[in-house]
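Student: sequence below, structure please.
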Amino acid sequence: MSGMLASVNSLEEAQIALQANIDIIDLKQPALGALGALDTQQVAAIVTEIAQRKPISATVGDLPMQAELIFDAVKQMADTGVDYIKIGFFPDQEWHEVIVKLQSLTQQSLKLIAVLFADQQPDFKAIKQLAEAGFSGVMLDTMNKSNGSLTQVMPFADIQQFVKIARQQQLLCGLAGSLRVADIPLLLPLGADYLGFRGALCTNHQRTAELDPIAMQVIQKMLSLPRIS
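Tutor: Numbering: from 1, shown residues only. Presented below is the predicted three-dimensional model:
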């Protein structure tokens, strides 16, 4: 059964996710982009409040693929005490130098999650390099939230291949990207470790709006249904 990742942008929302028994509380600021980051002081406050009752992930933001810049951002986020740090790997930029630079942090037991963007023709060959560099996981997301959900912007066979490769490399595997309730029955049989949600959890399905606890409950129930393969 796939777990549920819920993206939240404040302490108040993190508390709602905790009360709902969400599997992973993901910290990001949707108003700042696909992987907009929260201020590290705010992240640290949320980590203290959650007090290890649930795993917490956080993104370092929509940063250009500059090794030193990303390295420094990851180190700063690590100081907050989050369990997982998400790094967006954006298209048409050099990934190799970034991956090599971050390897020194994975060797310090930091758990890094690489985020690839399904609507930008990601190169799945990089997944093996990420695993060799000590990354803990990899996930698919979407960059342009107005183009539809993950299942609308990437062929199902490609999503299936992504999960298969991540499994082969023994990486945590996540699927996200404007996921809707209707996407859950399609994606559950793939056996990803978690499915990530933001817009579907919010009022009127607007990712920058407030969380809707009822919408959260609906998705939790869908994720708990028996898997049909």
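
Student: for this structure, just list every one of the strands.
Tutor: Under the criterion DSSP state E, the chain contains strands at 3-8, 24-27, 56-59, 84-89, 112-117, 137-141, 172-175, 194-197.

Student: summarise which helices and strands the last one is packed against.
Tutor: Using 3 or more CB pairs under 8 Å, 6 or more residues apart in numbering; DSSP states H and E as the contact criterion, the elements in contact with strand 194-197 are strand 3-8, strand 172-175. C-beta: built from backbone N, CA, C; applies to glycine.

Student: the third one now?
Tutor: Contact here means 3+ CB pairs under 8 Å, 6+ apart; on that basis strand 56-59 packs against strand 24-27, helix 40-50, strand 84-89.

Student: same list (those) but as CSV, adding mean pLDDT and distance to Arg180.
Tutor: Shown next, in CSV, are the helices and strands packed on strand 56-59 (pLDDT from 0 to 100; distance: least, CB to CB, whole Å):
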stretch, mean pLDDT, distance to Arg180
strand 24-27, 98, 18
helix 40-50, 98, 27
strand 84-89, 98, 21
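
Student: and the ones you listed, which is most packed in?
Tutor: Of all those, strand 24-27 has the most neighbours on average by mean count of other CB atoms under 10 Å, namely a mean of 25.

Student: partners of that strand in the sheet?
Tutor: For strand 24-27, the paired strands and their directions (DSSP bridges) read strand 3-8 (parallel), strand 56-59 (parallel).

Student: list the contacts of Leu112.
Tutor: Counting by CB atoms under 8 Å, 6 or more residues apart in numbering, Leu112 touches 74, 84-87, 102, 105-106, 134-137.

Student: reformat the strands of the chain as TSV; add distance to Asp212.
Tutor: Formatted as TSV, the strands of the chain follow (distance: least, CB to CB, whole Å):
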stretch	distance to Asp212
strand 3-8	11
strand 24-27	16
strand 56-59	21
strand 84-89	23
strand 112-117	25
strand 137-141	21
strand 172-175	21
strand 194-197	11
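
Student: and Ala209, which of those is closest to it?
Tutor: Nearest to Ala209, of all the strands of the chain, is strand 3-8, at 12.5 Å by CB to CB.

Student: for the protein, name the helix or strand with the lowest mean pLDDT.
Tutor: Using mean pLDDT, DSSP states H and E, the weakest-scoring helix or strand in the chain turns out to be helix 213-223, at a mean of 93.

Student: what helices and strands are in contact with it?
Tutor: Counting contacts by 3+ CB pairs under 8 Å, 6+ apart, helix 213-223 is packed against strand 3-8, helix 11-19, helix 184-187.

Student: ok, and what's touching the last one?
Tutor: Contacting residues not belonging to helix 184-187 are listed as 2, 150-151, 156, 159, 175, 179, 195, 219, 222-223, 225, 228 [CB under 8 Å, 6+ apart].

Student: list the buried ones in it?
Tutor: Residues of helix 184-187 classed as buried: 184, 187 (neighbour count, 16 or more other CB atoms under 10 Å).

Student: and what of stretch 149-159?
Tutor: Under 16+ other CB under 10 Å, the buried positions of stretch 149-159 are 149-151, 153-154, 159.

Student: then stretch 207-226?
Tutor: 207, 211-212, 215-216, 219, 222-223.

Student: run a quick neighbour tally on the spatially closest residue to Ile24 that is not a sequence neighbour.
Tutor: Leaving out its chain neighbours, the residue that sits closest to Ile24 by CB to CB, 6 or more residues apart in numbering is Leu5, at 4.2 Å. Other residues lying near Leu5 total 25 when counted by other CB atoms under 10 Å.
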